[in-house]
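> would you be able to build a 3D model of this:
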Amino acid sequence: MHFGQPELKRTLLGFCIVLGISLTFSCKQDKAGSTVGFKFPEQGKEVTLGDDLKIELDVPADVKVNSASYLVDGKSVGTKNDASPFVLKTAALPLGYRLISAIVDNGTKKDTLTVNVVLKSAIKPALFGYKVINTFPHDTSSYTQGLEYHDGRFLESTGLNGSSTLRWVELKTGKALQKISLDKKYFGEGSSLVGDKVIMLTWQENTGFVYDAKSFKQIGSFPYQNSREGWGLSFDGQRLIKSDGTNRLWFLNKDNYKEEGFVEVFDDKGQVDQLNELEYIDGMVYANIYQTDKIAVINPKSGAVERYINLAGILPEKDRFPNTDVLNGIAWDAKGKRLFVTGKKFNKLFEISLVPKK
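Below you'll find the model as predicted:
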């Protein structure tokens with residue numbers, strides 16, 4: 001999408017939470033004098049998935065430890081009968097922020113300690129460029145938010161207040177074969193075809209719409225739940241997959257649109273934010289990264305980025321106009337094995353093949 005700065009807000013919130021935890025723990029130490037804490041790991045430590053993580057308590061000389069029980073995100077992972085280090089196996093854990101807890105028993109009372117770590121992907125993403133196979137016209141009034149290919153035509157949803165639309169688009173001409181406009185109070189976002197229905201998101205209005213795929217008559221709506229905003233949407237044949245501008249991919253029930261879980265997206269360097277338009281292709285999620293020329297290819301089971309596609313330069317300078325915006329829009333012709341990409345208010349849509357980078 002968009003105009004906001006969701007990641008800045010998220011970073012500040014995370015900083016405040018960590019700061020609050022740190023201050024609370026420091027005060028506890030000052031008052032208690034002799035308090036057990038964590039020696040390892042330090043707060044916010046980044047750990048590569050699959051690496052062993054050493055957890056060690058910092059125990060004052062005058063404190064006895066009868067047992068220490070360790071948990072990750074509230075689930076028990078092991079117990080020690082003393083304060084000796086505990087080794088956490090991370091291979092089966094989800095990517096992202098994990099809360100490590102230690103329940104320390106000195107025989108008369110139990111104290112609970114917590115620390116956060118970040119699990120990042122162990123996979124170094126393969127890098128791809130592109131080759132343009134065909135070029136097609138694209139409507140420069142279309143602030144593209146969602147793009148799919150079905151039976152020789154595109155399902156495209158567009159954004160901006162007062163200009164948001166849902167349309168079926170002819171491939172060869174780029175012209176709308178059928179179109180409806182959203183009320184000007186809505187900022188349109190991603191869309192996806194599910195059976196005989198089209199599901200379309202809005203940005204910050206906390207609302208998704210359900211349309212009849214043939215008539216575009218609205219037949220329902222639904223509220224968002226824990227996901228922050230509406231950005232991209234795709235369908236894997238079983239569940240809807242939704243992005244909200246963060247590094248999360250949310251999984252929605254295809255019938256009632258309830259959120260049933262999420263994965264956090266990471267590469268080998270850290271979390272990958274501002275995931276935008278989505279396309280499900282052969283078991284992987286292809287995601288535009290907002291305000292970049294990159295597409296991340298994500299394993300939806302783990303959240304790991306396995307490939308990056310760099311589309312820099314795909315729209316020639318001669319085709320860039322004052323209203324031309326950023327790359328956004330991925331569509332897959334499953335039968336013809338064709339990959340299409342475009343951008344917000346681009347005058348062209350491209351069929352491309354992927355070229356591995358050496």
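> just give me the neighbour total for residue 307.
18 (other C-beta atoms under 10 Å). Placement of C-beta: from N, CA and C, glycine included.
> what's the pLDDT at it?
What the model reports for residue 307 is a pLDDT of 98.
> now do the contacts for it.
125-128, 296-297 (C-beta atoms under 8 Å, 6 or more residues apart in numbering).
> helix or strand right after the host helix or strand of it?
Assigned by DSSP states H and E, residue 307 belongs to strand 305-310. Helices and strands here follow DSSP H and E; after strand 305-310, the next one along the chain is strand 327-333.
> what's that next one packed up against?
With contacts taken as 3 or more C-beta pairs under 8 Å, 6 or more residues apart in numbering; DSSP states H and E, strand 327-333 sits against strand 144-150, strand 275-281, strand 284-289, strand 338-343.
> who touches the second one?
Outside strand 275-281, the residues that touch it by C-beta under 8 Å, 6+ apart are 1, 144-148, 190, 231-237, 241-243, 245-249, 265, 285-290, 296, 300, 328-332, 339.
> 7 Å instead, please
For strand 275-281, the surrounding residues in contact (C-beta atoms under 7 Å, 6 or more residues apart in numbering) are 1, 145-147, 190, 231-236, 241, 243, 247, 249, 265, 285-290, 328-332.
> show the average pLDDT along it.
Mean predicted confidence for strand 275-281 is 98.
> can I get it in CSV, CA atoms only?
C-alpha atoms of strand 275-281 as CSV (Å, rounded to 0.1, in the frame of the first residue of the first chain):
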residue,chain,number,x,y,z
LEU,A,275,4.6,-7.4,2.5
ASN,A,276,2.1,-6.1,-0.1
GLU,A,277,0.3,-7.8,-3.0
LEU,A,278,0.4,-11.6,-2.9
GLU,A,279,0.2,-14.5,-5.3
TYR,A,280,0.1,-18.2,-4.5
ILE,A,281,2.2,-20.1,-7.0
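> how about JSON lines for the helices and strands packed on strand 327-333, with distance to residue 308 added?
Converted to JSON lines, these look like this (distance: least, C-beta to C-beta, whole Å):
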{"stretch": "strand 144-150", "distance to residue 308": "20"}
{"stretch": "strand 275-281", "distance to residue 308": "13"}
{"stretch": "strand 284-289", "distance to residue 308": "9"}
{"stretch": "strand 338-343", "distance to residue 308": "14"}
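> out of those strands, nearest to residue 111?
Taking C-beta to C-beta, strand 275-281 is the member of those nearest to residue 111, at 39.2 Å.
> mind checking how far the residue nearest the centre of the chain is from residue 100?
For the chain, the residue nearest the mean C-alpha position is residue 248 (2.9 Å; C-alpha atoms, centre = their mean). Relative to residue 100, residue 248 is positioned 21 Å away (C-beta to C-beta, to the nearest Å).
> do the same with residue 183
In terms of C-beta to C-beta, residue 183 sits 47 Å off from residue 100.
> residue 167 against residue 176, yeah?
Yes: if you go by C-beta atoms under 7 Å, residue 167 and residue 176 touch, sitting 4.4 Å apart.
> of the two, who's got more company?
Comparing residue 167 with residue 176 by other C-beta under 10 Å, the one with more neighbours is residue 167, at 21 against 18.
> for that one, which residues make a bridge with it?
residue 156, residue 179 (DSSP bridges).
> OK, contacts around it?
156, 176, 178-179.
> using PyMOL, define a selection of the buried residues within the residues you listed.
To isolate the buried ones among the contacts of residue 167 in PyMOL, judged by 16 or more other C-beta atoms under 10 Å, type:
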select buried, resi 156+176
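> quick check, nearest of the contacts of residue 167 to residue 202?
residue 156 (15.6 Å).
> where are the low-confidence patches of this structure?
1-34 (pLDDT under 70).
> care to break it down by domain?
What the record gives for the chain is the domain set 34-120, 126-356, from automatic domain parsing.
> just those domains: most buried one?
Among the domains of the chain, domain 126-356 has the highest mean neighbour count (mean count of other C-beta atoms under 10 Å), at a mean of 19.
> and it, how far out from the chain's middle?
Centre-to-centre, domain 126-356 and its host chain are 13 Å apart (C-alpha atoms, centre = their mean, to the nearest Å).
> repeat that for stretch 72-92.
28 Å.
> contact partners of it?
47, 49-57, 59, 65, 67-71, 93, 98-100, 119.
> and the helices in the chain?
Shown for the chain, the helices assigned by DSSP state H span residues 6-32.
> where do the strands of the stretch 101-250 of the chain begin and end?
110-120, 126-137, 144-150, 153-158, 165-170, 176-181, 188-194, 197-202, 207-212, 218-223, 233-235, 239-243, 248-253 (DSSP state E, counting those that start in this stretch).
> let me have those in JSON lines, extended by distance to residue 83.
Shown next, in JSON lines, are these (distance: least, C-beta to C-beta, whole Å):
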{"stretch": "strand 110-120", "distance to residue 83": "12"}
{"stretch": "strand 126-137", "distance to residue 83": "44"}
{"stretch": "strand 144-150", "distance to residue 83": "54"}
{"stretch": "strand 153-158", "distance to residue 83": "57"}
{"stretch": "strand 165-170", "distance to residue 83": "61"}
{"stretch": "strand 176-181", "distance to residue 83": "66"}
{"stretch": "strand 188-194", "distance to residue 83": "51"}
{"stretch": "strand 197-202", "distance to residue 83": "50"}
{"stretch": "strand 207-212", "distance to residue 83": "51"}
{"stretch": "strand 218-223", "distance to residue 83": "48"}
{"stretch": "strand 233-235", "distance to residue 83": "49"}
{"stretch": "strand 239-243", "distance to residue 83": "44"}
{"stretch": "strand 248-253", "distance to residue 83": "36"}
